Structure formats: C-alpha cells, structure tokens
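In: Pasting a predicted model and its sequence here:
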Amino acid sequence: MSHIYIGTGGYADRDLLGTVYPLGTAKEDFLTHYCRHYDTVEINSSFHAPIGLKTVQGMLEKSDGKLQFSIKLNQDFSHTRVATRESAKQFLNALQPLVEQQVLAALFLQFPHRFERNLNNRRYLAELAQWFTDYPMAVEFRHPSWHCEAVFEAFCRQPNLIWGNVDYPPNIGLPLFQLNINQNTGYLRLHGRNGNWWRENSAQARHNYRYTENELAEIANLVVQQKDRFERLFIYFQNTTQSHSFYNIAMFKALLLPFGFEMKTQVDELPHQQWDLF
C-alpha cells in the first residue's frame with residue numbers, strides 16, 4: 001500500500017499559531033507540536049545557511065522519530081553554484097543523525113529560473129548528482145527547457161534522482177504543473193495560486209492563497225492516477241500564511257482517504273495535558 005506523507009515547507013511560521021500550535025506556544029516548542037499533526041517536514045532554512053549538526057540533533061530530539069525530514073540544499077549548490085565536492089561532504093556530515101535514524105526523506109535541490117538546459121548546466125548537474133549519489137535527491141527545475149521527455153527519462157535511469165513536482169500560480173512564466181513520478185519515491189510541493197506572485201514583496205505574501213476544494217480534488221485525482229507508480233509520496237504545502245496550509249491539508253487528506261493510502265489521519269494528544277476542573 002502506498003504511503004503519502006504530508007507536511008509543510010518549514011515549521012517556523014507564526015501564522016500557524018492557533019491552528020497547528022496552541023496560542024502562546026514558544027517557538028522552541030513548535031516542532032514538538034508540529035509532529036502531532038504531520039509526519040514529514042521540508043526544511044528550507046538550510047538554503048540560506050548550511051544546517052549544523054546541533055540543529056539536526058535538536059530537531060531529532062523534539063520530533064522523537066515521528067517525522068521524515070526533507071532538507072533543502074544550500075544556495076551554493078543551486079543558485080551561486082560555487083559549491084564543491086568537499087562542500088557536499090560537509091553538508092552531508094551534518095545530516096548523518098537523520099540517516100542513522102532512517103528519517104531522511106530526501107535532499108531537495110531547487111534551481112532558479114535562469115538555470116536553463118544547456119551543455120554547461122547539464123554537466124554541472126551530472127557532477128553534482130555524483131556528489132550525492134548515495135542519497136535520494138529531489139530536483140526542481142523552474143526553467144521550462146528541462147521539462148521534456150528526454151530529461152524525465154534520464155531521471156528514470158538514475159536511482160537517486162527524484163523528479164520535483166511543483167504547483168505554482170498559472171500564467172506567471174513558470175512551467176505548468178504536471179505530476180510526474182519517476183521513482184518509488186515521489187515529491188510534490190504546493191505553493192498556492194496567488195496571481196500576484198511576482199508583484200508580492202515577500203515569500204509570505206506570495207503564499208497567501210488557500211486552495212479551493214475543486215483545485216485540490218484535481219490534484220488528488222492526479223495522485224490517484226499514479227498510485228501504482230510510487231511506494232512513498234512526500235507532499236509539502238508551502239502556503240502556511242494565515243494557516244492556509246492547515247485547512248488545505250485536512251481537505252486534501254479527506255479527498256485521498258477513500259483510495260486506501262496510508263496516511264497520518266489523527267492528531268496526537270497534547271503531551272502531559274492537564275485539564276482544569278469545572
């Protein structure tokens with residue numbers, strides 16, 4: 001039976017207070033409450049600064065083995081492209097506690113729109129894939145030149161490369177959303193469909209969008225159509241602004257539930273909950 005893991009992009013958004021996190025929850029306790037609701041998380045802060053061993057150990061301790069972690073590769077691998085094989089080793093060294101506990105879902109590599117498919121960039125990707133050859137790595141391409149059958153077939157031949165699927169607002173110059181699954185592990189990110197994407201001045205504003213039930217039903221139908229192609233599918237809602245992700249995840253799980261997927265469907269009780277007498 002296929003297992004679908006659903007979570008959010010990051011867990012530090014204070015907009016989740018009052019939904020995922022009880023009001024008044026301290027930031028250092030967010031992850032403890034997060035894993036009551038979800039069984040996976042995509043860590044995006046590692047894009048701006050390489051993640052440290054102590055940070056990883058802290059996340060492991062607070063999640064208590066309940067979460068699968070996807071870790072975004074630092075921008076030196078994707079945007080500035082100044083990283084080296086040694087950089088890759090250092091990045092992976094910090095993640096070893098996740099590997100040892102078998103909770104590293106995937107590395108996540110997001111290339112910018114300017115990263116088009118040319119000879120130099122194809123060579124760079126081939127070299128980078130070798131640096132991480134022993135680890136599952138989801139790759140997201142924002143330039144449409146990569147979205148072709150030849151590239152997808154090449155991904156099918158590489159056991160560690162996962163095609164990164166992403167849903168964006170339509171008509172903003174980014175590739176149209178299609179669900180392509182090339183390995184036993186699938187990867188899908190949902191950004192919302194805010195038509196003001198390029199006019200917004202922050203990521204939080206760009207993600208200010210709540211999917212309608214019809215929109216999620218279309219995506220759920222695509223997942224169901226490909227259920228025989230994957231054993232695990234990781235889905236990350238990025239629209240945590242105003243807790244949109246909280247409501248959308250519940251809606252999405254309800255749409256998928258009739259099809260027999262394994263999913264986390266219950267919210268764990270609060271640890272050491274004490275009730276006042278009345």
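Out: Arrived safely, thanks for sending.

In: For the chain, give me the ranges with low pLDDT.
Out: Low-confidence regions of the chain, defined by pLDDT under 70, span residues 271-278.

In: and residue 5, which of the three is it?
Out: Secondary structure state of residue 5, per DSSP: H, G, I helix; E, B strand; the rest coil, is strand.

In: Skipping adjacent residues, who's closest to it in space?
Out: residue 40 (3.9 Å; Cβ to Cβ, 6 or more residues apart in numbering). Where you see a C-beta, it was placed from the backbone N, CA and C, and this is true even at glycine.

In: So in terms of bridging, what pairs with the one you found?
Out: Counting by DSSP bridges, residue 40 forms beta bridges with residue 68.

In: can I assume residue 24 sits in a helix?
Out: No: looking at residue 24 with three-state DSSP, it is coil, so not inside a helix.

In: Measure how buried it is and give me the count.
Out: By other Cβ atoms under 10 Å, 8 other residues sit near residue 24.

In: Okay, it and residue 14: tell me how far apart.
Out: Residue 24 sits 12 Å away from residue 14, going by Cβ to Cβ, to the nearest Å.

In: Residue 155 too?
Out: Note on residue 155: its distance to residue 14, by Cβ to Cβ, is 37 Å.

In: How about residue 31?
Out: As judged by Cβ to Cβ, residue 31 and residue 14 stand 14 Å apart.

In: who's more crowded, those two?
Out: Using other Cβ under 10 Å as the criterion, residue 31 and residue 14 rank with residue 31 on top: 21 against 11.

In: wait, is that one part of a helix?
Out: Yes: assignment of residue 31 by three-state DSSP places it within a helix.

In: Might one say that it is in contact with residue 63?
Out: Yes: counting by Cβ atoms under 8 Å, residue 63 is a contact partner of residue 31 at 5.9 Å.

In: my guess is the residue nearest to residue 5 meets residue 6, correct?
Out: Yes: using Cβ under 8 Å, residue 40 is in contact with residue 6, at 6.9 Å.

In: count of residues packed around residue 52?
Out: By other Cβ under 10 Å, the residues close to residue 52 number 11.

In: Spit out the contact partners of the nearest residue to it once chain neighbours are set aside.
Out: With sequence-adjacent residues excluded and distances taken as Cβ to Cβ, 6+ apart, residue 52 is closest to residue 94, at 5.8 Å. Contact analysis of residue 94 by Cβ atoms under 8 Å, 6 or more residues apart in numbering lists 50-53, 55-56.

In: The same query, at a cut-off of 6 Å, please.
Out: Neighbour list for residue 94: 51-53, 56 [criterion: Cβ atoms under 6 Å, 6 or more residues apart in numbering].

In: quick one: the helices in the stretch 151-278 of the chain?
Out: Using DSSP state H, counting those that start in this stretch, the helices of the stretch 151-278 of the chain run over residues 203-206, 213-225, 244-256.

In: which of these sits most buried?
Out: Between the helices of the stretch 151-278 of the chain, helix 244-256 has the highest mean count of neighbours, a mean of 20, where neighbours are mean count of other Cβ atoms under 10 Å.

In: Residues contacting it, please?
Out: Helix 244-256 is contacted from outside by 6, 8, 19-20, 210-211, 213, 216-217, 220, 237, 239, 263, using Cβ under 6 Å, 6+ apart.

In: Among those residues, which pair sits farthest apart?
Out: 20 and 217 (23.4 Å; Cβ to Cβ).
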